[in-house]
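Novice: model this:
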Amino acid sequence: MIQIKDTIVSLDLIEEFFCCDIDACHGDCCVEGDAGAPLSEKELETIKHILPQVKDFLSPAGLNVINEEGPAYLDPDGDLVTALIDGAACAFTGFGPDGRCYCALEKACEAGCSDFRKPASCALYPVRIKKYPSFTAVNLHKWKICKPAFALGRKLNLRAYQFLQGPLTDFFGKEWYDELCLTADEYLKAKEAGMLP
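Specialist: Okay, the predicted model is just below:
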């Protein structure tokens, strides 16, 4: 672990290679899992506000779930997450003719219908953020469906923190990300020189 300001960052974020390979996974992270995408209260309020602009981009099943149950719920851990279709796909997930998943929120944003692209937890994935009273943990989630992404990242020599430059900068700020890059560079050089285990 390394400390960047008031965050504790897993070394996996620096050591692991990662680059989403949508051609291989088809966006299965939007479908598989036991809960929806984590949301903040502010994000939920934003989603509720823009729902009229997003409805045309939702699947019939997603629209039905949101109309009946709302756009989010509390999971067993008490965390706020997006609603699910039949306990699987996120209610905001649609499917293109090629079988790939797409996000209705992102589609609406790209069409100029809203300024909200997607929840931070989705933009940051495979990073997971957990806030504690005295610090924020920044961890890399390793999931079998992302195996092609780890392989593609290695092929492209692209580290996870590099792949996530935009989302990490948006979430933590440029100063935080610049410090992460500097720390990562020093850590990797020291490791390559055999100065670290």
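Novice: and the helices in the chain, which stretches?
Specialist: 12-15, 22-25, 41-54, 60-69, 104-110, 120-124, 147-156, 160-163, 165-172, 174-192 (DSSP state H).
Novice: in this protein, what helix or strand scores lowest on average pLDDT?
Specialist: helix 22-25 (a mean of 82; mean pLDDT, DSSP states H and E).
Novice: I'd like the helices of the chain as TSV, with mean neighbour count and distance to His141 appended.
Specialist: Just so you know, the C-beta spots here come from the backbone N, C-alpha and C atoms, and that holds for glycine as well. Rendered in TSV, the data for the helices of the chain read as follows (neighbours: other C-beta atoms under 10 Å; distance: least, C-beta to C-beta, whole Å):
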stretch	mean neighbour count	distance to His141
helix 12-15	19	9
helix 22-25	14	14
helix 41-54	15	19
helix 60-69	16	24
helix 104-110	20	20
helix 120-124	20	10
helix 147-156	16	11
helix 160-163	22	10
helix 165-172	17	14
helix 174-192	14	18
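Novice: can I get the ones you listed in TSV including distance to Gly87?
Specialist: Shown next, in TSV, are the helices of the chain (distance: least, C-beta to C-beta, whole Å):
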stretch	distance to Gly87
helix 12-15	29
helix 22-25	20
helix 41-54	20
helix 60-69	10
helix 104-110	19
helix 120-124	19
helix 147-156	24
helix 160-163	29
helix 165-172	27
helix 174-192	36
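Novice: other SSEs contacting the least confident helix or strand of the chain?
Specialist: Here helix 22-25 touches helix 147-156, going by 3 or more C-beta pairs under 8 Å, 6 or more residues apart in numbering; DSSP states H and E.
Novice: from the chain's centroid, how far away is the helix it packs on?
Specialist: 17 Å (C-alpha atoms, centre = their mean, to the nearest Å).
Novice: now swap in stretch 185-197 and tell me
Specialist: Chain-centre distance of stretch 185-197: 28 Å, with C-alpha atoms, centre = their mean.
Novice: same check on stretch 152-163?
Specialist: Distance, centroid of stretch 152-163 to centroid of chain: 16 Å (C-alpha atoms, centre = their mean).
Novice: look up how far Thr136 lies from Ile2.
Specialist: 13 Å (C-beta to C-beta, to the nearest Å).
Novice: Phe18 too?
Specialist: 20 Å.
Novice: now Cys181
Specialist: 18 Å.
Novice: then Leu168?
Specialist: Applying C-beta to C-beta to Leu168 and Thr136 gives a distance of 12 Å.
Novice: ditto for Trp143
Specialist: Taking C-beta to C-beta, one finds Trp143 at 21 Å from Thr136.
Novice: and if you look at Ile145?
Specialist: Distance from Ile145 to Thr136, by C-beta to C-beta: 26 Å.
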